[in-house]
Structure formats: C-alpha cells, structure tokens
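[1] Okay, structure incoming, though there's no sequence with it:
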C-alpha cells in the first residue's frame, strides 16, 4: 500500500492511504506460523533465523554523515532512486542498541526500495560502530537528531515527500518528534510510522525487569555497558567505567550514566520526559502505529489507554482496536456514484469519477495530472460543499483526489 505514495497526490491522500492500510489488515489479520504462536518465540525466531542472525551490511549503500550539533555526527546509509526528488523517501530509525545493519532495517529497506522509495537507514548516536563520531551518549527522547536530519533532507536534498519510520525506541523517537512538531510540521513530512514503539519508557522498563524477561534485560545491559567501555577508550576524560561492576539493571545504568549526561534528575525523570506518550495528542501528520499485544518487553497497554481516551488523531493498526475503523455503508458509495453526474459540473465529470468511500473520505480518480491540479486548487471546496449539502457532513468529511 505504501507504494501508492510514489504517485503525485494531493495533501489528503495520506489519511486515505492509512485507511486503506487499515482495511487491508482487517481483510487479512496476522496469523502466526504454527510453531511460533507465542510472542517470545516470534522475537527469538526473527533474531536467529538463518540469514538474519548477526547480519552484515553488504549493500554498499552510500554513507553519509549528518552533523546534528558541533562535534557530533550521525551515520546514515542511503539508497537513492534515479532522480531522487521524484520519489518519496523513507527514513528509518532502529531500536535500542540496534543499528542501520539490524536485520529488520535491512529487510525493510530492501522491500521499500523495490516499491519506488529512496531509503535512508539511520544510526542513532553511537550506534553502528559510531562511538567516535560524538563525545556524548544518546537517550530515548533525543528528537533533536531526527529533527536535524529531516531539515537537511528537506533543505539540502530538496526531497518533497518524506516518511519517518521507527522501531521500538526509534518508534518512540519518531512519535515524540511528530508530537513536538504539531501544527508546525513541514509540508514535506507526509507521515510517520512506529512499529512496537516504547511510548512509555517507565512502563517498558518495568516490564523488561520482570523475571520472565531476564534474557532480554541482560542482553541490553551487556551492550550498554560495552558502550561505556568503548567511550572510555575514546574519551577517557569524560567516562569512568568503575561503576559498571555494581550496575545490575537498566534503571541503574540510566541513573548513573544517561540521566546526568542529559540533565535529567534521575532515571524516572528521564523516562517521564523522554516518552512519546504525552505528545501523541499533538500529532497532526498522518500516523500509523503497529504494535503486538503480546510483545514480550514493550507493553501494549499505554497505547490501548491512549486509544480509549482518544488522545490522538492516529490510524492505529492494533489487534482488537481494528473494530474502531469500520468501512462506511456501501449504500452510501452507491448513492454517491449514482448522483455524481447530477451534482457535479459536466466538465469535471468528464475527468473525475468517485471510486470509493472510507471513514468519511471520498476517493475520487482523476484522469490526468493537469485536471488533478485544477480540481485540487480551484474546485475542491465547491465539490465538497455540494456533496455535503446532499449527503451530510457525517458521511463525507473530506475528499481525496488522485490519479487513476
């Protein structure tokens, strides 16, 4: 479905596209493989599956450094379509202690590039072997880097259509950025996607330290401790590894290293201020969240509560929430098609025809880019007013015109 963004569309297309994606999930819900019905099994199988365990980046994608602040750079791996400005761009951010070479980053990039996108695989500060590019650490709410990368892709590369996607901790960063931008999001940012986002860092920390998650917790802590040792080698005047031996939890690690490095009072203060959850209600760009209810260490509950409170204008693709996104009665579609020729001017009818109705968005196919521009710029309000006068504002809330 995302491939549809490779076409030139008006600004209402993204919401209708999310509606189509939601409908696709309704039509074909996720069914796990026979031997991988449990969340832990799916997590571990995806990691150890042949060809995915300890993946190596052999793509030869273009390396690019973004200077996000003085003396600090982040590394990207870029794969460009010919004439990159004519194609949409997906910017990918990985999860905790991942990198641009994580299996999910590589497979997503390969698939989305085949669908006509430019792909920029980002490394969060220090990740992917980039400890030497900054004297600082990173934290789960450091949206400054995402904002800087987005600005450069817009200002320097002149990319007109950008979607930001994040996994896990990267999902939290992505959603937090979208909320911070709010109504001031640049027009080039067409949408954000978050996969299993840790939108409540305190809740994620609490779940991760449960005994059943000992293996995950120990693994993350091992790599975080190793990073401090690497940073000490490169910046001995800034880092002291003496405390590592006494640290046995992520909370202790964040208390000792992350929180003071970024001006937080302690780990709890860091989690509260870096979480995306309070920012969800401010998001204005089209947003897609995909989250499993049985994720072993990233809780689904915070998103469920946010959905119940209706605190954000998101199209969330989550099991048991899909019922909130029901397709409108087909009778309405049939009636609109039937009276279209009576309500709309003949010159428009000759070039534009209704194609479907989903959750208040009327999808209209236009036969050429010339007429698409004409209708969107000069006739959209007139057409919408006529249809709403006849069918009501509840049935038709907006119109999405597209080439088709």
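    Looks like it came in fine. The structure presented is a predicted model; accordingly, all values stated were derived computationally and were not measured. Residues are numbered from 1 along each chain as shown.
[2] can you pull out the strands in the protein?
    If DSSP state E is used as the criterion, the strands of the chain fall at 62-69, 72-79, 89-93, 118-122, 162-167, 189-195, 287-290, 315-317, 352-358, 361-366, 398-403.
[3] Compare these and give me the one nearest residue 342.
    strand 352-358 (12.7 Å; C-beta to C-beta). Placement of C-beta: from N, CA and C, glycine included.
[4] Report all helices and strands that that closest one contacts.
    In terms of contacts (3 or more C-beta pairs under 8 Å, 6 or more residues apart in numbering; DSSP states H and E), strand 352-358 is packed against helix 13-27, helix 330-343, strand 361-366.
[5] Lowest average pLDDT across those?
    Mean pLDDT values for these show the minimum at helix 13-27, a mean of 61.
[6] Residue 128 is in contact with residue 93, isn't it?
    No - using C-beta atoms under 8 Å as the test, residue 128 is too far from residue 93 to be in contact (11.7 Å).
[7] So for these two, which residue has more residues nearby?
    residue 93 (30 against 23; other C-beta atoms under 10 Å).
[8] so the more buried one bridges to which residues?
    Legend: beta-bridge partners of residue 93 under DSSP bridges are residue 122, residue 166.
[9] and it, what is it in contact with?
    Shown in contact with residue 93 (C-beta atoms under 8 Å, 6 or more residues apart in numbering): 122, 124, 146, 164, 165, 166, 167, 170, 171, 173, 174.
[10] Just name the closest of the residues you listed to residue 285, please.
    residue 164 (9.1 Å).
[11] now the residue nearest to residue 120 when sequence neighbours are not counted: how far from residue 31?
    The shortest distance from residue 120 to any non-neighbouring residue, by C-beta to C-beta, 6 or more residues apart in numbering, is to residue 91 (4.6 Å). Residue 91 sits 31 Å away from residue 31, going by C-beta to C-beta, to the nearest Å.
[12] Neighbour count for these two, which is higher?
    Between residue 91 and residue 31, counted using other C-beta under 10 Å, residue 91 has the larger neighbour count: 24 against 7.
[13] what about the protein, any weak spots by pLDDT?
    1-26, 29-30, 32-58, 308-335, 338 (pLDDT under 70).
[14] and the helix ranked longest in it, how far from the chain's centre?
    If you go by DSSP state H, the chain has its longest helix at helix 214-234. Relative to the chain's own centre, helix 214-234 is displaced by 26 Å; criterion: C-alpha atoms, centre = their mean, to the nearest Å.
[15] Determine the set of other helices and strands touching that helix.
    In this structure, helix 214-234 packs against helix 201-208, helix 250-253, with contacts taken as 3+ C-beta pairs under 8 Å, 6+ apart.
[16] would you list the ones you listed in TSV and tack on mean neighbour count and distance to residue 263?
    Formatted as TSV, these follow (neighbours: other C-beta atoms under 10 Å; distance: least, C-beta to C-beta, whole Å):
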stretch	mean neighbour count	distance to residue 263
helix 201-208	20	16
helix 250-253	19	17
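[17] mind putting those helices in a markdown table, distance to residue 109 included?
    Output for the helices and strands packed on helix 214-234, formatted as a markdown table (distance: least, C-beta to C-beta, whole Å):
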| stretch | distance to residue 109 |
| --- | --- |
| helix 201-208 | 25 |
| helix 250-253 | 28 |
